[in-house]
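1. please work out how this folds:
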Amino acid sequence: MNTYEAFVILKPILDVDNSDNVLKVLEEAVENLGGKIVKKDKLGRKRLAYEINKFKDGFITTYLFNLPPTAVTPFKRACQLNEDILRVALVNRNKVDITDASVYGRERPNERGDRPDRPERGEREFRPRPAMRSAD
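-> The predicted structure is shown next:
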């Protein structure tokens, strides 16, 4: 069983009861596929960074759950079939370590903020600009 994190955005036109029903359907889908929900965090109605299906905001909920790797595709399919869900982002937490710098594809900069892949440049010399000529 792998640990997954799901970021779910629901349509903002849902009232509280309907949004709870949609989330309950997702939770039942995880349990029917042999998984177990570890943590649920309802963030509420938030403004989105960009429009999704002409909606500028949505109800956001994050889940942390255990699920067999073979059940990921049916879970995604269940999310796609529900028309009240705008977006679901699913991340395998076993494969991602957010404290590891290599995740970002580069090493972390040293204390001064220099890039480790560049040689030391030293001090830059001052070069005065040439004087401007008048257009007479």
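2. now for the closest residue to residue 67 other than its chain neighbours: which residues touch it?
-> Excluding its sequence neighbours, the residue lying closest to residue 67 (CB to CB, 6 or more residues apart in numbering) is residue 35, at 3.7 Å. In short, each C-beta sits where N, CA and C put it, glycine included. Contacts for residue 35 (CB atoms under 8 Å, 6 or more residues apart in numbering) come out as 1, 65, 66, 67, 68, 71, 75.
3. write the PyMOL selection for whichever of the residues you listed are buried.
-> Per 16 or more other CB atoms under 10 Å, the buried members of the contacts of residue 35 correspond to this PyMOL selection:
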select buried, resi 65+67+71+75
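4. tell me where the chain has strands.
-> Residue ranges of the strands in the chain, as given by DSSP state E, are 2-10, 36-52, 55-67, 85-92.
5. save those as a markdown table, and put in distance to residue 17 too.
-> Shown next, in a markdown table, are these (distance: least, CB to CB, whole Å):
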| stretch | distance to residue 17 |
| --- | --- |
| strand 2-10 | 12 |
| strand 36-52 | 14 |
| strand 55-67 | 12 |
| strand 85-92 | 16 |
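6. if we can go back for a sec, turn the contacts of residue 35 into CSV, including pLDDT and distance to residue 87.
-> Compiled in CSV, those are given as follows (pLDDT from 0 to 100; distance: CB to CB, whole Å):
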residue, pLDDT, distance to residue 87
1, 88, 25
65, 93, 18
66, 93, 22
67, 92, 19
68, 92, 23
71, 92, 20
75, 93, 14
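7. from the contacts of residue 35, which is closest to residue 7?
-> residue 65 (12.3 Å; CB to CB).
8. that closest one bridge partners, please.
-> residue 4, residue 37 (DSSP bridges).
9. how far away is it from residue 129?
-> 62 Å (CB to CB, to the nearest Å).
10. just to revisit the earlier point, and the pLDDT for the residue nearest to residue 67?
-> pLDDT for residue 35: 92.
11. and for the one 4 residues further on?
-> For residue 39, the pLDDT comes out at 93.
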